[in-house]
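>>> The following block contains a protein sequence and its predicted model.
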Amino acid sequence: MNRKEFVEEIAKKKGISKLQAYRSVNAVMDTIRLVLMQGEKIEIGGFGSFGIVTDLNGDKIPVFKAGRALKQVLNISISKEDFRQEELDE
């Protein structure tokens, strides 16, 4: 899934315009970039954490570590159609 498809999926799921979804996605990405540039770590409960490590050359490398809940969800055998149906049932 590319960025455009991601934005479209969010717009559809939340019932908002593609422009609103695009701005929301950009706001999240910009915030993650800024926080990481300041050397801080970001922890999103149930999802994972973003941080920075420094390689042997001194270059900063962004890293993502999946949280336990995300790992568990990824290991459940469920089709995309089943997942969407569960969302509709909620």
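Noted; the coordinates are in hand.
>>> And the chain, what are its domain boundaries?
Per automatic domain parsing, the domain ranges recorded for the chain read 1-38, 41-90.
>>> ends of the first one, how far apart?
Criterion C-alpha to C-alpha, to the nearest Å; first-to-last residue distance in domain 1-38 is 29 Å.
>>> Now do the buried residues in that domain.
7, 10-11, 21-22, 36 (16 or more other C-beta atoms under 10 Å). For every residue, glycine as well, the C-beta is placed using N, CA and C.
>>> per-residue confidence at the residue nearest in space to the middle of the chain?
Nearest residue to the geometric centre of the chain (C-alpha atoms, centre = their mean): Phe47, 7.8 Å. Phe47 is assigned a pLDDT of 94 by the prediction.
>>> Please apply the same query to Glu9.
Confidence score, pLDDT, at Glu9: 96.
>>> That one touches Asn2, doesn't it?
No: using C-beta atoms under 8 Å, Glu9 is not in contact with Asn2; the gap is 10.8 Å.
>>> Surely Val63 touches Phe50?
Yes: Val63 lies in contact with Phe50 (C-beta under 8 Å); the separation is 7.2 Å.
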